[in-house]
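J.: Using only what follows, build the 3D model:
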Amino acid sequence: MLQCQIIKQRKQQLNLKIDDIVEYVGVSRPTVCRWLAGTTQRITPEKLNRLAEILQTTPDHLNGKDNDSVMKPILGVVKAGYDMFAEENILGYEEVSQQESRQGDFYLRVQGDSMIGARIYEGDLLYVKSCSDVESGQIAIVLINGNEATVKRVIKKENMLILEASNPTVENRYFTAQEVEEIPIRIIGRVVHNKVIF
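T.: Here you go, the predicted structure:
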C-alpha cells in the first residue's frame with residue numbers, strides 16, 4: 001500500500017509542487033492529492049516507477065516494503081526558552097533507521113536559544129522518546145501548566161525540581177515538590193538527540 005507520509009516527506013525535501021508530480025508522472029491533480037491523503041489503495045507499476053523517479057527513491061520504499069527506514073512524525077514546536085504554548089500539529093515526517101526507530105517516538109522543532117550550550121539551536125529537530133520521568137541531569141521535554149512545552153536539563157534535588165537552561169542569558173526555573181503537583185510540571189519525553197537543519 002502506498003505510504004502517503006513518505007510521499008509527503010520526499011515532496012517537501014525536494015521542494016516539489018503537486019503540479020510537478022502531475023506533469024512528470026502523467027496523472028491528474030486529484031490523483032496526486034489522493035496519493036498525498038493516503039486514500040489510494042493501488043497504483044500501477046508504471047506510475048509507481050515514475051513517482052519513485054521524481055521523488056528520488058524506490059518503488060519498494062514508496063510502498064513501505066523496504067525495512068531499512070521508518071517515518072517518525074514532527075509533532076510541532078518546543079521552546080528552548082519559556083512562555084511558548086505547546087503545539088501538536090504534525091509538521092511533517094523524518095526518516096529514521098530501524099535501529100533509531102526503537103530509540104525514539106517523535107520529533108519536535110526547536111524555537112529559541114536557551115539550550116545553545118548543549119548544542120541545541122533554533123530550527124533543530126529533537127528526537128524524543130516518550131516517558132514520564134528522566135534521570136537527574138538528562139535533557140527532557142517538560143510541559144508546564146498543561147500547555148507550555150520547553151526543553152531543559154532536568155535537575156532533581158530534595159523537594160526541588162530545577163529546569164536548567166544551557167545559556168547564561170536565560171534564567172533557570174525552580175519548582176518545589178508542591179508546585180510540581182499543583183501547577184503541574186510534567187516530563188513528557190527524553191531528548192535522544194538533535195538533528196541540525198541547514
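
J.: Now do the strands in the chain.
T.: For the chain, the strands defined by DSSP state E cover 69-79, 92-97, 106-111, 125-130, 139-144, 148-157, 160-164, 173-176, 185-195.

J.: of all those strands, which lies closest to A118?
T.: Closest to A118 of the strands of the chain is strand 139-144 (C-beta to C-beta; 6.2 Å). Using the backbone N, CA and C atoms, a C-beta is placed for each residue, glycine as well.

J.: hang on, the earlier thing: and the strands of the chain: which comes nearest C33?
T.: Taking C-beta to C-beta, strand 92-97 is the member of the strands of the chain nearest to C33, at 17.2 Å.

J.: mean confidence for that closest one?
T.: Average pLDDT, strand 92-97: 77.

J.: what's the domain layout of the protein?
T.: What automatic domain parsing lists as the domains of the chain is 4-62, 70-195.

J.: Endpoint to endpoint, the shortest one covers what distance?
T.: Right, the one you point to is domain 4-62. 8 Å (C-alpha to C-alpha, to the nearest Å).

J.: can you check the longest one too?
T.: Start and end residues of domain 70-195 are separated by 16 Å (C-alpha to C-alpha).

J.: quick one: it to chain centroid distance?
T.: 12 Å (C-alpha atoms, centre = their mean, to the nearest Å).
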